[in-house]
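Q: 3D, please:
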Amino acid sequence: MARTIRIAISLASLVFVPATAIHAQQNAEPALLPNELSLTAVPAGSQVHLSWSGKVDSGVAAIEVFRGTGDDGELSLLHKVADVSTSTYTDDTTTTNTAYRYALRLRGKDDAISALGQPVAVHSGHYVRRINCGGERFVGPDGIPWEADDGRVLGTGRYTTKFTLAGVYPQMRMLYKSERWAYRGLNYKFEVDAGKYAVVLVFAETNPNYTGNGKRTFDVFVGGEKALEAVDVFSQVGANKPLHLTVHAEVKTSELVVELRKKKAGPALKGIWVEALPDL
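A: Take a look at the predicted model:
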């Protein structure tokens, strides 16, 4: 014999959700994150160096780098920077003599996103290379990195000072903390296209063993030609002060060689910066 079960339901206990609200929840976009980053893009040969500044909220999980070509090419995701404390990225997948646009987007830990930042245009192909001689990689205030040069090189050594040079921009202090030195000579080679270049040599006499006139002197050769003779950093600026010497060179091959040769005591170099000059 069938039994009938009666269940009493109070209308007051029911919650009615309109169908339109359910549809909206299923298709809702994540809330937009604020994007206050300011982006800078600097070309350097076959690379483009990006740097940014601005507030990044604690809820941000990644900074996304977008890239497009030309003035109106679609911006697509190029790279995701997972370390949000980082403020630089180097794009080494560019083609020389090509116009690019870059923009940044923030992605939250809850997968929320920000709007794309203002795109920044840049044209690749301008040759710039900088080396932090004897030291670690760092990024200068203009967004271009100084490459590390902290490995072992036969016939040379590295010297590091704890002294901080006065009047040096904070982001550039690492350049003067270390140096590469040699008893006889230093040699740096750069693969370049034929053209005109500026070579900037960065010095500072921070080793107390050489703080005296004539204690360390050397000649500088660029492209096999003597460009500077009997350089004596201490006699020109004293101890613990920066000295930048610039040499212009015209390259007709595919290689630019910079040599520092001992005259009295071997040379010591803080940094070297090679940059293409425009055709006038």
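
Q: For this structure, give me the ranges with low pLDDT.
A: 1-31, 280 (pLDDT under 70).

Q: give me that answer again for 80
A: By pLDDT under 80, the weakly predicted segments of the chain are 1-31, 45-46, 143, 278-280.

Q: per-domain residue ranges of it.
A: Domain segmentation of the chain under automatic domain parsing yields 38-123, 128-276.

Q: Give me the distance from the longest one to the chain's centre.
A: Its chain's average C-alpha position is 19 Å from that of domain 128-276, according to CA atoms, centre = their mean, to the nearest Å.

Q: One more: the shortest one?
A: Relative to its parent chain, domain 38-123 has a centroid offset of 13 Å by CA atoms, centre = their mean.

Q: how far does it stretch from start to finish?
A: 19 Å (CA to CA, to the nearest Å).

Q: Same check on the longest one?
A: Distance between the boundary residues of domain 128-276 (CA to CA) amounts to 7 Å.

Q: Okay, residue 186 and residue 119: tell me how far apart.
A: Distance, residue 186 to residue 119, by CB to CB, to the nearest Å: 42 Å. The C-beta positions use only the backbone N, C-alpha and C, and glycine is treated the same way.

Q: out of these two, which sits in the busier spot?
A: Comparing residue 186 with residue 119 by other CB atoms under 10 Å, the one with more neighbours is residue 186, at 24 against 17.

Q: how close does the more buried one get to residue 129?
A: Using CB to CB, residue 186 is found at 16 Å from residue 129.

Q: Repeat that for residue 267.
A: According to CB to CB, residue 267 and residue 129 sit 20 Å apart.

Q: Between these two, which has more neighbouring residues?
A: Neighbour tally, residue 267 and residue 129, criterion other CB under 10 Å: the higher count belongs to residue 267, 27 against 22.

Q: check contacts around that one.
A: Shown in contact with residue 267 (CB atoms under 8 Å, 6 or more residues apart in numbering): 181, 182, 185, 186, 216, 218, 231, 260, 261.

Q: now swap in residue 132 and tell me
A: Remark: with contacts taken as CB under 8 Å, 6+ apart, residue 132 is in contact with 138, 146, 147, 148, 149, 174, 175, 178, 270, 271.

Q: Among the residues you listed, which ones are in strands?
A: Secondary structure assignment (DSSP state E) places 138, 146, 147, 148, 149, 178, 271 from those within strands.

Q: Dig out what the residue nearest to the second one when sequence neighbours are not counted forms beta bridges with.
A: Residue nearest to residue 146 in three dimensions, not counting chain neighbours: residue 132, with 4.1 Å by CB to CB, 6 or more residues apart in numbering. When bridges are assigned using DSSP bridges, the partners listed for residue 132 are residue 148, residue 271.

Q: Next: residue 205.
A: In beta-bridge terms (that is, DSSP bridges), residue 205 pairs with residue 239.

Q: can you check residue 260 too?
A: Going by DSSP bridges, residue 260 forms beta bridges with residue 186, residue 220.

Q: Any idea how many residues pack against it?
A: 26.

Q: From what I see, it and residue 217 are in contact.
A: No: contact criterion CB atoms under 8 Å: residue 260 and residue 217 do not qualify, at 10.7 Å.

Q: Which neighbours do those two have in common?
A: residue 231.

Q: Next, residue 250: phi, psi?
A: phi -110, psi 120 (degrees, to the nearest 10).

Q: which SS class is residue 172?
A: helix (DSSP: H, G, I helix; E, B strand; the rest coil).

Q: which parts of the helix or strand where residue 90 lies are buried?
A: Applying DSSP states H and E as the criterion places residue 90 in strand 88-91. Along strand 88-91, these residues count as buried under the neighbour rule (16 or more other CB atoms under 10 Å): 89, 90, 91.
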